[in-house]
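Q: my questions are about this predicted structure, shown below with the sequence.
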Amino acid sequence: MSAGTGVGSPVRPVKPERVVDRVRRGLGRGIREDASDLDRQKRIGCRFVGSGLLAFCAVMAPVAILRADLTAGWWTPVSLVLVVVPAALLVASTFLAVPRSLSALVCACALGYLIATLLWFPAWRGAPDEEARWAVWLLQFPSVPSFGLVVMLRPGLAVTNLVVATFAVHAANQIARYGELRPVELLSVPLSVALAGVFLAVALAAVRNVRALDERHPAVLAMTTRAAANAAQEAERSRFDALIHDHVIATLLAVRAGPPDPRLAAQAASALDELDRSTVPPSEVTARVFAFRTENTVVAMSDRASCTEVISSPAASYPAQVVEDMVDCVAEATRNWLRHAGAGSHCEVAAEFGDGFARVTVADDGVGFDPAVVDPRRFGIAVGIRARMAGLPGGSAEIDSAPGQGTVVAVEWRRP
């Protein structure tokens, strides 16, 4: 806390303009944030598909070079480019904080493979080589792009691509070896399609299960919230039961016939005072106490968080509910920073307490997010910050963030 408050241990002062500047520079790095489990599965699945294509290309590159004499000189490098470039872009996109164009890149992988296969036919020089078992280097992995289409929930397109690509590459390989199609050997096509189809079905089932779980998550969250509220009510009821038993009932049981007992009157007055203290919270909280609670909330979270306060009106006081709600919002914003901003990020809190107003800004230099598309699972932002301040007379909340640009959460109260 700043020296002006006189409460708590000193922390490093932070200029508000430096906080904003650090956030605008977008220093966030390291952690990827997915809006849902389905998005996470798409990211991992696409990375697997892209890496698989690159691995197959690396393994089959010697075969491609060895059999380059069967086609025109341009086909081998063109086919490699058509397969490698979309796969590399797909893998790179999965490492972004927010993946870009995964669906389009998966389609590009499937289309690149198919175009490379179809271009083989006009590029073939017409000289068969029966000794070449893998005359067309693409023969080993026609099903891989289809897995990407399944991950992106395009099963119809995945099956179509699997059948067409498998038939095309097997036909090209037979023509390269024998100079013609041999129907008996083409029976390997439905066998390959059936085998790959089993794995496609398993992948599709997994993706659909994850999507179903995501769709049920808001309902589960609402049920959990209701259960937590019921538990809190039960705990409060138990506390009052104990209070009534220990004070009220004990006083009533002490009543005896005869002259009034001064000690009993004092006991009754004590019971009433205890009830008053339990049911009526303090009406006003001073600025110094408000600042002390804010700083304790922040520094208790992490040693990477710092807090500075300015008390422009030391005699100011605030409704107890205002203090409770704003401190809870600061705690929620700080927790969100710890969970989502990324390793190595920092958080700086600036608070100002004046006559009739209070404002606290929580700024971090983490990975950021898009506030316009906050997932329903981000219960803390929707309810813990926005809804809480909206329900407070005179309260408001602002959330400023963007992917890669850090996050600034500002909560403010002005006396109506």
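A: Good, I have the coordinates. Numbers count the residues shown, from 1 in each chain.

Q: model confidence score at residue 13, please.
A: You'll see residue 13 listed with a pLDDT of 39.

Q: give the contact list for residue 193.
A: 162-163, 166 (Cβ atoms under 8 Å, 6 or more residues apart in numbering). The way it works is simple: take the backbone N, C-alpha and C, and place the C-beta from them, glycine included.

Q: and of those, the nearest to residue 351?
A: When the contacts of residue 193 are ranked by distance to residue 351 (Cβ to Cβ), residue 162 comes first, at 59.5 Å.

Q: quickly find the element holding the closest one.
A: Per DSSP states H and E: residue 162 is located in helix 155-178.

Q: in that helix, what's buried?
A: 155, 157-159, 161-163, 165-177 (16 or more other Cβ atoms under 10 Å).

Q: could I get the contacts of residue 193 as JSON lines with pLDDT?
A: Formatted as JSON lines, the contacts of residue 193 follow (pLDDT from 0 to 100):
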{"residue": "162", "pLDDT": "94"}
{"residue": "163", "pLDDT": "95"}
{"residue": "166", "pLDDT": "94"}
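
Q: any idea which of those is closest to residue 331?
A: Out of those, the member with the shortest distance to residue 331 (by Cβ to Cβ) is residue 162, at 51.4 Å.

Q: isn't the closest one right next to residue 144, touching?
A: No: using Cβ atoms under 8 Å, residue 162 is not in contact with residue 144; the gap is 9.8 Å.

Q: re the thing from before, now the helix or strand that comes right after the helix holding residue 162: how far from the chain's centre is it?
A: Scanning forward in sequence from helix 155-178 by DSSP H and E, the next helix or strand is helix 188-243. In terms of Cα atoms, centre = their mean, to the nearest Å, the centre of helix 188-243 is found 16 Å from the chain centre.

Q: with stretch 54-63 instead?
A: 35 Å.

Q: now the strands for the protein?
A: Remark: strands assigned in the chain by DSSP state E are 284-286, 305-311, 317-319, 347-354, 357-364, 395-401, 407-414.

Q: per-residue confidence averaged over the second one?
A: Looking at strand 305-311 alone, the average pLDDT works out to 88.

Q: what's it packed up against?
A: For strand 305-311, the elements it packs on are helix 287-299, strand 347-354, judged by 3 or more Cβ pairs under 8 Å, 6 or more residues apart in numbering; DSSP states H and E.

Q: that one pairs with which strands?
A: Its sheet considered, strand 305-311 pairs with strand 347-354 (parallel) by DSSP bridges.

Q: re earlier: so which of the strands of the chain is nearest residue 233?
A: strand 317-319 (23.4 Å).

Q: tell me how this structure divides into domains.
A: Segmentation of the chain into domains, based on automatic domain parsing, reads 16-28+282-414, 37-216, 221-279.

Q: ends of the longest one, what's the gap?
A: One end of domain 37-216 to the other measures 12 Å (Cα to Cα, to the nearest Å).

Q: starting at the chain centroid, how far to it?
A: Distance, stretch centre to chain centre, for domain 37-216: 31 Å (Cα atoms, centre = their mean).

Q: and if you look at stretch 344-354?
A: Counting by Cα atoms, centre = their mean, stretch 344-354 comes out at 23 Å from the chain centroid.

Q: ok, and for that stretch, which residues are buried?
A: 345-353.

Q: show me which of these is closest to residue 305.
A: Within the buried residues of stretch 344-354, the smallest distance to residue 305 is 4.3 Å, found for residue 347 (Cβ to Cβ).

Q: and the strands of the chain as TSV, adding distance to residue 44?
A: Below are the strands of the chain laid out as TSV (distance: least, Cβ to Cβ, whole Å):
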stretch	distance to residue 44
strand 284-286	48
strand 305-311	31
strand 317-319	48
strand 347-354	29
strand 357-364	26
strand 395-401	25
strand 407-414	25
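
Q: so for residue 211, which of the ones you listed sits nearest?
A: Nearest of the strands of the chain (Cβ to Cβ): strand 395-401, 26.4 Å.

Q: returning to that earlier point: report the angle between the helix holding residue 162 and helix 188-243.
A: Per axes from the mean of the first three to the mean of the last three Cα atoms, to 10 degrees, the angle that helix 155-178 makes with helix 188-243 is 150 degrees.

Q: with only the CA atoms kept, save helix 155-178 in CSV.
A: C-alpha atoms of helix 155-178 as CSV (Å, rounded to 0.1, in the frame of the first residue of the first chain):
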residue,chain,number,x,y,z
PRO,A,155,-18.2,-36.4,-41.4
GLY,A,156,-20.0,-36.4,-44.8
LEU,A,157,-17.1,-34.5,-46.4
ALA,A,158,-14.6,-36.8,-44.6
VAL,A,159,-16.1,-40.0,-46.0
THR,A,160,-16.4,-38.6,-49.5
ASN,A,161,-12.8,-37.4,-49.4
LEU,A,162,-11.6,-40.8,-48.1
VAL,A,163,-13.3,-42.8,-50.8
VAL,A,164,-12.3,-40.5,-53.7
ALA,A,165,-8.7,-40.0,-52.5
THR,A,166,-8.1,-43.7,-51.8
PHE,A,167,-9.5,-44.8,-55.2
ALA,A,168,-7.6,-42.1,-57.1
VAL,A,169,-4.2,-42.9,-55.5
HIS,A,170,-4.6,-46.6,-55.8
ALA,A,171,-5.6,-46.2,-59.5
ALA,A,172,-2.6,-44.0,-60.1
ASN,A,173,-0.3,-46.5,-58.5
GLN,A,174,-1.6,-49.4,-60.6
ILE,A,175,-1.3,-47.5,-63.8
ALA,A,176,2.3,-46.5,-62.9
ARG,A,177,3.1,-50.2,-62.3
TYR,A,178,1.1,-52.0,-65.0
